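*Asks:* with the input below, show me the fold.
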Amino acid sequence: VQLQASGGGLVQAGDSLRLSCAASGRPLSNYAVAWFRQAPGREREFVAAISIRGTTNYVDSVKGRFTIFRDNAKNTVLLQMNSLKPEDTAVYYCAASWTMAVTTTPSYWGQGTLVTVSS
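*Replies:* Residues are numbered from 1 along each chain as shown. Modelled structure (predicted):
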């Protein structure tokens, strides 16, 4: 499956953004999907994941602010990001696997999309 992430941009603290991970080649509904991010000078970190059945998982720093969900009609997984903070600034990547091992060892990666949150 090929993944294409989009939706990044420059926003102010407190604003919202919605990232999209679009799939081609196969139905994304057959995969667990995760979002990761990498801030400048830092290691890539897990942000959120959704299982094939719809179970979700989030890193503590985004709980209550970010929501991951599927739009199977558009073959996409979205990440709604609310109440953005400057520390959310990073390149965001989507990834997929057949199981929730996607949170640690994804099988497929998309390219990144840059999110910049100004204070």
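*Asks:* in stretch 75-93, which residues are buried?
*Replies:* Residues of stretch 75-93 classed as buried by neighbour count (16 or more other Cβ atoms under 10 Å): 75-79, 81, 84, 88-93. Yep, even glycine has a C-beta here, placed from its N, CA and C like the rest.
*Asks:* err, stretch 58-74, not the other one
*Replies:* 58, 59, 62, 66, 67, 68, 70.
*Asks:* before we move on, what about stretch 6-18?
*Replies:* For stretch 6-18, by 16+ other Cβ under 10 Å, it's 6, 7, 8, 11, 17.
*Asks:* dump that stretch to CSV, restricted to CA.
*Replies:* The C-alpha trace of stretch 6-18 is given here as CSV (Å, rounded to 0.1, in the frame of the first residue of the first chain):
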residue,chain,number,x,y,z
SER,A,6,-1.1,16.0,3.6
GLY,A,7,-2.7,18.8,5.4
GLY,A,8,0.3,20.4,7.2
GLY,A,9,0.8,24.1,7.5
LEU,A,10,1.6,27.1,9.6
VAL,A,11,-0.8,27.9,12.4
GLN,A,12,-0.9,29.8,15.6
ALA,A,13,-1.1,28.2,19.1
GLY,A,14,-4.7,27.2,19.8
ASP,A,15,-5.6,26.6,16.2
SER,A,16,-6.6,23.4,14.6
LEU,A,17,-5.4,21.4,11.6
ARG,A,18,-6.5,18.1,10.0
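*Asks:* what are the contacting residues of it?
*Replies:* Applying Cβ atoms under 8 Å, 6 or more residues apart in numbering, the external contacts of stretch 6-18 come out as 19-20, 22, 78-86, 91-92, 113-119.
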